[in-house]
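**Student:** coordinates for the following, if possible.
(2 chains)
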There are 2 protein chains.
Amino acid sequence: MGVPVAIVGATGAVGQEMIKTLIGRDFPADEIRLLASHRSAGKKVEVRGEELEIQELTHDSFEGIKIGLFSAGGSISKEFAPPAIKAGAVVVDNTSAFRMDENTPLVVPEVNPEAIAEHKGVIANPNCSTIQMVQALKPLYDISRIKRIIVSTYQAVSGAGAKAVFEMQEETKALLEGGTFERNIFPYQIAFNALPQIGQKDAFQENGYTDEEMKMVNETQKIFSDPDIRVAATTVRIPVERGHSESVNVEFENRITVDEAREALAAFPGIVVQDDPDNQVYPLASECVGKYETFVGRIREDLSCETALNMWIVSDNLLKGAALNAVQIAEKLV
Amino acid sequence: MGVPVAIVGATGAVGQEMIKTLIGRDFPADEIRLLASHRSAGKKVEVRGEELEIQELTHDSFEGIKIGLFSAGGSISKEFAPPAIKAGAVVVDNTSAFRMDENTPLVVPEVNPEAIAEHKGVIANPNCSTIQMVQALKPLYDISRIKRIIVSTYQAVSGAGAKAVFEMQEETKALLEGGTFERNIFPYQIAFNALPQIGQKDAFQENGYTDEEMKMVNETQKIFSDPDIRVAATTVRIPVERGHSESVNVEFENRITVDEAREALAAFPGIVVQDDPDNQVYPLASECVGKYETFVGRIREDLSCETALNMWIVSDNLLKGAALNAVQIAEKLV
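**Tutor:** Residues are numbered from 1 along each chain as shown, chains lettered A, B, ... in the order given. Model (predicted):
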């Protein structure tokens, strides 16, 4: 017997990857119900050689559904998680709506799978930039506690949705042709630029950090169940379509050598070590697209602190950073 | 009476900016002698409404020259600085050839102008990524000594020369059109990507750091005359034509508040504070092009260390990062 699954936000960039990932990993779904806004209802999507029609999301959409994968924005999750739960489904939510709710587990299956059992109807998928970082830090944390993380990100535009990808492409074309371009998504030119702002106008909190930066702080502490991990984040959007890169400096309680780190990382589920500087081998956003793994390289002892390491962590933000992690949680539920 | 100036590497990206900067700042040059390789000799460049012919660089090129601005690669500097000095010129060298030589001052005029007087014929211009960082850190260092710097860079392709800019543009076009592209400069795709490697095949040292990263360590210590400043750098090339951005975390001996930092930075020569998160105001590579200043924003207290600050530092890598800094040194010499 299979599991009936609903995807909320089936037409979005992440929703589309959720469908592909369910199929790609042979998830035992006997139904994949595609839900989206009124605007998309009636559209057809091919799934496993079958034409599936997108249905309009309503409070009655979840009859018979056992797992709901949500990725249609926080307000949609807040409104439609309760009726989904009432209908008997467990919600795996990719938005930030429930992440810091104390009754909601925040899960990266390789890091804190045990938290899943504590759910009360909703399990939250962490933010994309957090997931790949904590996944790569977990095998090191198992060797020595982490005192402090200083991270600067190089984030792909697909994290802001399919329209953002389109905007970057069109703006790039316009600039190359010497033309002009009217943008809708990003506050400034994203083509050939680096924006130290993830999120919209209201992205900045009173302490000067963006929501995205504070997610990396709060979610990391919650996932590791360790409020003593100190995190300073600078999150930056760059003109990459897909694949987040992160420059991470981690200070441990005890010294971990580069060789120990490589060994622990290579043995960890879902991590691929790409670290051979002499042959110019290191993780690249362009190479991670469509892959399930998180890639780690440029591992080196921090010259400024003997118990710290620097590393470069890359993963497909739509897969491990979103759809794959959600499907992995669903797999654990089954 | 004016000063006769020679530009070595006059046809390169930096050489071209040196000519513009000399003119733009009314440098009192009564001659600007343009020197380049045999290949470029005979080409004409318009300077102040006058056609100047590029001359072939030889050991006899420096007769009568008082200041030689060199930017044609380290081996050219090593070969041609001695004959230039013999002819009576002072060499301001933009390559890495003499930077760490103990008899050569390494100068950012706003930071350590006093070092100029110690020169023995050559004054070195620091690396582009170092210049903008130390310039922005100097007014803060004057408040409290710096213990540790953790920096991740977002560097423009023009730092690798005019051919690298062309390669990025052509590769971007090819990728947008679904075509292919054969690259010559970068080890991997630079369009829509982030390369955690600055420099060529031999960029990596035994400790896993690139030369560019170690320049940020060694040059920062030398410019501040403070070997106790600890620096950990990760230098990354991104698809930006011009303008380096840097995410910098600085730990001070004593706490400096955000307001104190803004005030000290705003009062410092060549620094512009662009830091109003509520109105989405922060430095951008796209906005710094052609400007002499270094722009600083996103200044915030480090949540992971109470004596540290995070900031975002942006400057035109061809100007303050190269040509302008060299011309400023020449101005101090006059």
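
**Student:** show me what contacts the closest residue to A:Ser96 other than its chain neighbours?
**Tutor:** Among residues not flanking A:Ser96 along the chain, A:Gly74 sits closest, at 5.6 Å (C-beta to C-beta, 6 or more residues apart in numbering or on different chains). In this view, the C-beta of every residue, glycine as well, is placed from N, C-alpha and C. Applying C-beta atoms under 8 Å, 6 or more residues apart in numbering or on different chains to A:Gly74 gives the contacts A:95-97.

**Student:** out of those residues, who's nearest chain B?
**Tutor:** A:Ser96 (18.7 Å; C-beta to the nearest C-beta).

**Student:** I figured that closest one was touching A:Glu212, is that so?
**Tutor:** No: look at A:Ser96 against A:Glu212 with C-beta atoms under 8 Å: they stay out of range, at 9.6 Å.

**Student:** neighbour count for those two, which is higher?
**Tutor:** A:Glu212 (24 against 18; other C-beta atoms under 10 Å in any protein chain shown).

**Student:** what about that one, distance to A:Ala89?
**Tutor:** A:Glu212 sits 29 Å away from A:Ala89, going by C-beta to C-beta, to the nearest Å.

**Student:** what does the pLDDT read for the residue nearest to A:Ser96?
**Tutor:** At A:Gly74, the model reports a pLDDT of 96.

**Student:** ok, now how distant is it from chain B?
**Tutor:** 21 Å (C-beta to the nearest C-beta, to the nearest Å).

**Student:** just the terminal-to-terminal distance for stretch A:188-198.
**Tutor:** 11 Å (C-alpha to C-alpha, to the nearest Å).

**Student:** quick check: mean pLDDT of that stretch?
**Tutor:** Here the average pLDDT along stretch A:188-198 is 98.

**Student:** look up how far A:Thr130 lies from A:Arg242.
**Tutor:** For A:Arg242, the distance to A:Thr130 - C-beta to C-beta - is 18 Å.

**Student:** who has more neighbours, these two?
**Tutor:** A:Thr130 (26 against 22).

**Student:** contact partners for that one?
**Tutor:** Counting by C-beta under 8 Å, 6+ apart, A:Thr130 has contacts A:215-216, A:219-220, A:223.

**Student:** flag the shaky bits of chain A, pLDDT-wise.
**Tutor:** Residue ranges of chain A with pLDDT under 70: A:1.

**Student:** quick one, domains of it?
**Tutor:** Annotated domains of chain A cover A:3-125+A:322-333, A:130-317 [automatic domain parsing].

**Student:** span of the shortest one from start to end?
**Tutor:** According to C-alpha to C-alpha, domain A:3-125+A:322-333 extends 10 Å from its N-terminal end residue to its C-terminal end residue.

**Student:** measure A:Phe27 to chain B for me?
**Tutor:** The gap separating A:Phe27 from chain B is 31 Å, by C-beta to the nearest C-beta.

**Student:** hmm, back to that, need phi/psi at the residue nearest to A:Ser96.
**Tutor:** phi -60, psi -40 (degrees, to the nearest 10).

**Student:** for the stretch 1-150 of chain A, what spans make up the helices?
**Tutor:** Applying DSSP state H, counting those that start in this stretch to the stretch 1-150 of chain A gives helices spanning A:13-24, A:74-86, A:128-141.

**Student:** okay if I get these as JSON lines plus distance to A:Ile67?
**Tutor:** What follows is the helices of the stretch 1-150 of chain A, written out as JSON lines (distance: least, C-beta to C-beta, whole Å):
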{"stretch": "helix A:13-24", "distance to A:Ile67": "10"}
{"stretch": "helix A:74-86", "distance to A:Ile67": "9"}
{"stretch": "helix A:128-141", "distance to A:Ile67": "19"}
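
**Student:** out of those helices, indicate the one that is most buried.
**Tutor:** helix A:128-141 (a mean of 26; mean count of other C-beta atoms under 10 Å in any protein chain shown).

**Student:** so it versus helix A:13-24, what angle?
**Tutor:** Computed with axes from the mean of the first three to the mean of the last three C-alpha atoms, to 10 degrees, the direction of helix A:128-141 lies at 50 degrees from that of helix A:13-24.

**Student:** so how far is helix A:128-141 from its chain's centroid?
**Tutor:** Here helix A:128-141 is found 11 Å from its chain centre; the criterion is C-alpha atoms, centre = their mean, to the nearest Å.

**Student:** which residues does the nearest residue to A:Val8 once chain neighbours are set aside form beta bridges with?
**Tutor:** Leaving aside its chain neighbours, A:Val8 sits nearest to A:Phe70 (4.4 Å; criterion: C-beta to C-beta, 6+ apart). On the basis of DSSP bridges, A:Phe70 is bridged to A:Val8, A:Asp93.

**Student:** share the number of residues neighbouring A:Phe70, please.
**Tutor:** 32.

**Student:** surely it meets A:Ala89?
**Tutor:** No: counting by C-beta under 8 Å, A:Phe70 does not reach A:Ala89; the two are 10.1 Å apart.

**Student:** please report how far A:His182 lies from A:Ala174.
**Tutor:** You called it His, but residue A:182 is Glu. Distance from A:Glu182 to A:Ala174, by C-beta to C-beta: 9 Å.

**Student:** now the strands: where do they sit in chain A?
**Tutor:** A:3-8, A:29-36, A:44-47, A:50-53, A:55-56, A:67-70, A:90-93, A:122-124, A:146-154, A:230-234, A:244-252, A:271-273, A:294-301, A:308-315 (DSSP state E).

**Student:** so which of those is the most packed in?
**Tutor:** Ranked by mean neighbour count, those are led by strand A:67-70 with a mean of 29 (mean count of other C-beta under 10 Å).

**Student:** and that one, C-alpha only, in PDB?
**Tutor:** Provided in PDB are the C-alpha atoms of strand A:67-70 (Å, rounded to 0.1, in the frame of the first residue of the first chain):
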ATOM      1  CA  ILE A  67       1.600  13.700   3.900                       C
ATOM      2  CA  GLY A  68       1.400  17.300   2.700                       C
ATOM      3  CA  LEU A  69       4.500  18.900   1.300                       C
ATOM      4  CA  PHE A  70       4.000  22.700   1.600                       C
END
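
**Student:** and that strand, what other elements does it pack with?
**Tutor:** The contact analysis (3 or more C-beta pairs under 8 Å, 6 or more residues apart in numbering or on different chains; DSSP states H and E) places strand A:67-70 against strand A:3-8, helix A:74-86, strand A:90-93, helix A:324-333.

**Student:** what residues does it touch?
**Tutor:** A:3-9, A:18, A:62, A:76-77, A:80-81, A:84, A:89-95, A:326-327, A:330, A:333-334.

**Student:** what of stretch A:152-163?
**Tutor:** A:12-13, A:128-129, A:164-165, A:167-168, A:184-186, A:190, A:198, A:233-247, A:285, A:317-318, A:321, B:152, B:154, B:194, B:234, B:236, B:238, B:247.

**Student:** again, only using 6 Å
**Tutor:** Under the contact criterion C-beta atoms under 6 Å, 6 or more residues apart in numbering or on different chains, stretch A:152-163 has outside partners A:13, A:128-129, A:164-165, A:168, A:185, A:234-238, A:240-247, A:317-318, B:152, B:194, B:247.

**Student:** now swap in stretch A:27-41 and tell me
**Tutor:** A:2-8, A:10-11, A:22, A:47, A:52, A:54-57, A:61.

**Student:** A:Glu182 and A:Ala174: who's more crowded?
**Tutor:** A:Ala174 (16 against 8).

**Student:** chain B versus the closest residue in space to that one that isn't next to it in sequence, what's the distance?
**Tutor:** Computed as C-beta to C-beta, 6+ apart, the closest residue to A:Ala174 that is not its neighbour in sequence is A:Phe181, at 3.8 Å. Going from A:Phe181 to chain B by C-beta to the nearest C-beta gives 13 Å.

**Student:** please give the number of neighbouring residues around A:Phe181.
**Tutor:** Neighbours of A:Phe181 (other C-beta under 10 Å): 14.

**Student:** equivalent analysis for A:Asn94, please.
**Tutor:** Using other C-beta under 10 Å, A:Asn94 has 30 neighbouring residues.

**Student:** fine, thanks again, bye for now.
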